[in-house]
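# Could you work out the structure for the sequence below:
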Amino acid sequence: MATNKGRSWKLERASMSSPGRSRPRSTKYSSSDSKPAPPAGSRQQVWVGGYTKADGTKVEGYYRATAGNA
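Residues are numbered from 1 along each chain as shown. So this is what the prediction gives:
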């Protein structure tokens with residue numbers, strides 16, 4: 001199916017209506033967000049999202065050890 005540029009995310013986004021709300025709430029990530037957060041200090045590594053340095057160098061995302069596990 002052909003889509004407009006940049007709009008494909010809207011086609012895969014599901015929503016549900018909630019009483020008393022004017023806008024529907026997305027359910028796309030609801031299952032991944034339902035788990036409780038781990039206790040503070042229990043994780044051994046964390047994800048660092050990709051970024052661009054001031055000199056223009058692009059850095060891909062990567063996992064790094066937390067401060068207590070370095």
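# give me the low-pLDDT residue ranges for this structure?
Scanning the chain with the threshold set as pLDDT under 70 gives 1-18, 21-34, 70.
# quick one: the helices in it?
Counting by DSSP state H, residue ranges of the helices within the chain are 8-12.
# What segments of it are strands?
Residue ranges of the strands in the chain, as given by DSSP state E, are 15-16, 25-26, 45-48, 51-52, 58-59, 62-65.
# What distance do you get for the closest residue to N69 other than its chain neighbours to R64?
Spatial nearest neighbour of N69, chain neighbours left out: Q44 (4.8 Å); criterion: C-beta to C-beta, 6 or more residues apart in numbering. For glycine as for every other residue, the C-beta is placed from the backbone atoms N, C-alpha and C. Plainly put, Q44 is 10 Å away from R64 if you go by C-beta to C-beta, to the nearest Å.
# tell me, what's touching these two both at once?
With contacts defined as C-beta atoms under 8 Å, 6 or more residues apart in numbering, no residue is shared by Q44 and R64.
# Neighbours of the residue nearest to N69, how many?
Neighbour count of Q44, defined by other C-beta atoms under 10 Å: 9.
# before we move on, what about G20?
4.
# Check which residues of stretch 58-69 are buried.
Using 16 or more other C-beta atoms under 10 Å as the test for burial, stretch 58-69 gives no buried residues.
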